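Enquirer: show me the folded form of this:
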Amino acid sequence: MSRPFSAWALPSSVQAAVLSTVSLDGGRGAGEDGDIRVEYPAGAPDWIASVVDALEVSRSSLVRRSAEGIAGLLGAVGFRFMSPGDPIREEALRLLPGTAGVSAEMAETILDGMAADWTPARLAALLGEEFGAPGMLDEFTEGRGQRSIPVGPRLTAQFVSGSVPGVSVNALIRALLVKSPTLVKPGLGDVVLPVLFVRALREADAALADAVAVVYWPGGSVSSEDIVLARAEMVTAYGGDDTVAALRARVPVSTRFRAYHHRTSIGVVGRGALGPATVSTTTDDLARAVAVFDQRGCVSPQVVFVEEGGEMSPAAFADALAASFEALEADLPGGALDAAEASTLQQLRGTAEMMGAAGSGVECTHGGTASWTVIFDPDAQLASACVGRVVRVRPIPSAQDLPAVLESVAAHLQTVGVAGLGQNLDGLAERLGRLGASRVVPFAQVPFPPAWWHHDGGGPLRDLVRYIDLSSENCRI
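Expert: Next up, the predicted model:
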């Protein structure tokens, strides 16, 4: 059996505690060994406290760095994940299939898409978009009658689900850019990239790496988590509603909390995309938007609303979408499902087929052993379960009717992929935004938002900082 992956990266003054190991299902792509083992520190609460102590010590040197310099260092490390032949990229590609449950082809697609935002140019653009100039994080700057400086938390604790690889890296980068030491607890499906990132960062700048701790532990380690929650100035949580709510309830009232809870994304296809010159591009882009992350991302469309009255009917569009999925499977195959996921998929397909046989108008087309599944359903609901690459196609008389249809999921609405809406796009986007959506983009842009996107409507860096205002006696508004 191969050597286990060590799922931690710690400040240099801290050693890993007593270790435990978890094995992942080899059926999800682990390779010849049949499974992949992940080793993690099973430290007692006092060990977790020592990790936090080390992070707090790192802050004094971290805040003296320039934000621009930090971005440059992080970008140089991030660029390695984009560089063919770099050992850090090769190790990531070797480990991702077994830990994240994706195909080798999908692992490369995800890594390229995520790491594109970890480069020097993208991180500099992120700082500029959030604060105007990186120097604003380094010293007081003039404002309206006062000088101000945004400061990062003394410690940012980040709890990240494992559904999408790379989210933990985004989280730790955001904290370091605002000069906040951070402890990141990734989900099991996202242990590889943050650990490798910090290892590479240590090679580039050991002192900056000392401001990060990446530690996986199984959920339910309440005593250790409570120590982290009690000492953090800022807590961010990525995950399902129940997970986020449970964590929020344990955070002290004086601690700032940023939740990235469960989100639902959809697609909208207007009549303008249903002509022979455009429909194949639309279905190809849509199929890829659904396929990337194997439908596990918050940005993954679950239901696609197709306008009636176009050159192609919504039912025919569903058939064309199925053809795009079948073609995509050859180039970007889905990962193997675990037993529970495979059972859910079979139930979804079976239910759809029975409804179709009963004359409901439902039609189901799927890839057999491949997970892709297109369900044409005149009454498709967003609350329906999704697994693998399942998408529902629902006809709608007009895209302008969508806000009323989506009211029940407004609190969870996030990304809206669009095609063929023409001059109606801006007006509909505003209405959907006021309802709850935070992002309206062409299908080709759905899987990978840019680093500076307003994540769930907020600023990815501005959500972390607080401002210090300084006024002098002779200052006047």
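Enquirer: ok, and the closest non-adjacent residue to the spatially most central residue of the chain?
Expert: Central residue of the chain (C-alpha atoms, centre = their mean): V167, 4.7 Å from the mean position. Among residues not flanking V167 along the chain, V160 sits closest, at 5.5 Å (C-beta to C-beta, 6 or more residues apart in numbering). Every C-beta, even on glycine, is put in place using the N, C-alpha and C of the backbone.
Enquirer: my guess is the one you found contacts D190. True?
Expert: Yes - V160 is within contact range of D190, at 6.2 Å (criterion: C-beta atoms under 8 Å).
Enquirer: joint contacts of the two?
Expert: The contact sets of V160 and D190 overlap at V167, S168 (C-beta atoms under 8 Å, 6 or more residues apart in numbering).
Enquirer: just to revisit the earlier point, tell me the pLDDT at the residue nearest to the centre of the chain?
Expert: Looking at V167, its pLDDT is 97.
Enquirer: surely it meets T236?
Expert: No - if you go by C-beta under 8 Å, V167 and T236 don't touch, sitting 10.7 Å apart.
Enquirer: can you tell me how far the residue nearest to V167 sits from Y260?
Expert: 9 Å (C-beta to C-beta, to the nearest Å).
Enquirer: show me where pLDDT drops low in the stretch 151-300 of the chain?
Expert: 220 (pLDDT under 70).
Enquirer: quick check: domain ranges of this structure?
Expert: According to automatic domain parsing, the chain is divided into the following domains: 5-262+457-469, 264-446.
Enquirer: shared neighbours of V160 and Y260, which are they?
Expert: Shared contacts of V160 and Y260, defined by C-beta under 8 Å, 6+ apart, comprise Y238, G239.
Enquirer: give me the more crowded residue out of these two.
Expert: V160 (27 against 21; other C-beta atoms under 10 Å).
Enquirer: quick one, what contacts the more buried one?
Expert: Contacts for V160 (C-beta under 8 Å, 6+ apart) come out as V167, S168, A171, V184, K185, P186, G187, D190, Y238, G239.
Enquirer: cool, F79 as well?
Expert: Counted by C-beta under 8 Å, 6+ apart, F79 has contacts A115, W118, T119, P120.
Enquirer: what residues sit buried inside stretch 88-107?
Expert: Neighbour-count burial for stretch 88-107, counted by 16 or more other C-beta atoms under 10 Å, picks out 88-89, 92-93, 95-103, 106-107.
Enquirer: if you could redo that for stretch 62-73, that was the one I meant.
Expert: Quick answer for stretch 62-73 (16+ other C-beta under 10 Å): L62, V63, R65, A67, E68, I70, A71, L73.
Enquirer: contacting residues around it?
Expert: 120, 123-124, 126-127, 131, 134-138, 151-152, 176-181, 201, 204-205, 208, 211.
Enquirer: what subset of these is buried?
Expert: Buried members of the contacts of stretch 62-73, counted by 16+ other C-beta under 10 Å: 120, 123-124, 126-127, 131, 134, 136-138, 151-152, 176-181, 201, 205, 208, 211.
Enquirer: against A211, how distant is the residue nearest to V167?
Expert: 17 Å.
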